[in-house]
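Asks: next input, structure requested:
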Amino acid sequence: MQQALDYYKRFLKLEPGSDDTRLVKRWMEEIKATYFPKASTKPTKPEELSPRLKQLVTDYLKQARELYRQAEYDDAAKKYQEVLELYDSSDAVYNLGLIYDKKLDQKQKAIKYYQQFLVLEPSSPDTHIIRQWIKKAREDLDKSNTSPKGILKK
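Replies: Numbering: from 1, shown residues only. So this is what the prediction gives:
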């Protein structure tokens, strides 16, 4: 993957004004997020949290679930993101993926959170399903980004 990133960087230097620049940058970010995640300084396990933070995270997760039940999906997503500011919670990133996928129809954000879930829980029984979903979502996004534009023929 490092070699792919190097080629993409070369492309961007050689063709900075290309129509494909945005797409190549997106691919680079996805490769970095998937294969080269930054080392986190935040706790990744509940037992690593102080009692005060553990209670705060528990409260935020409870509030997020309640907002979800009330169909307040944007607010639920914000609450899950507050959890992630304190703690690398696999539950929070998975639920953010679900919200952006199923409720807010924001596939790019869903991909981001599902990828984070795979980094945090590489041995999850859902790994295969999530990878398949990410692959299909990327294909769908690529198709919609490359679809012909202009006047429809009669």
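Asks: give me the below-cutoff pLDDT ranges for this protein.
Replies: For the chain, the stretches with pLDDT under 70 are 35-41, 146-154.
Asks: okay, now the domains of the protein?
Replies: 1-36, 41-138 (automatic domain parsing).
Asks: touching, Arg131 and Gln115? I think so.
Replies: No. Judged on CB atoms under 8 Å, Arg131 makes no contact with Gln115 at a distance of 9.5 Å. Backbone N, C-alpha and C define where each C-beta goes, glycine included.
Asks: those two: who's more crowded?
Replies: Remark: of Arg131 and Gln115, Gln115 carries more neighbours, 20 against 14, as counted by other CB atoms under 10 Å.
Asks: so which bits of the host helix or strand of the more buried one are buried?
Replies: Taking DSSP states H and E as the criterion, Gln115 maps to helix 107-120. Residues 107, 109-120 are the ones in helix 107-120 that count as buried (16 or more other CB atoms under 10 Å).
Asks: same deal with stretch 80-93?
Replies: For stretch 80-93, burial by neighbour count (16+ other CB under 10 Å) applies to 80, 82-84, 86-93.
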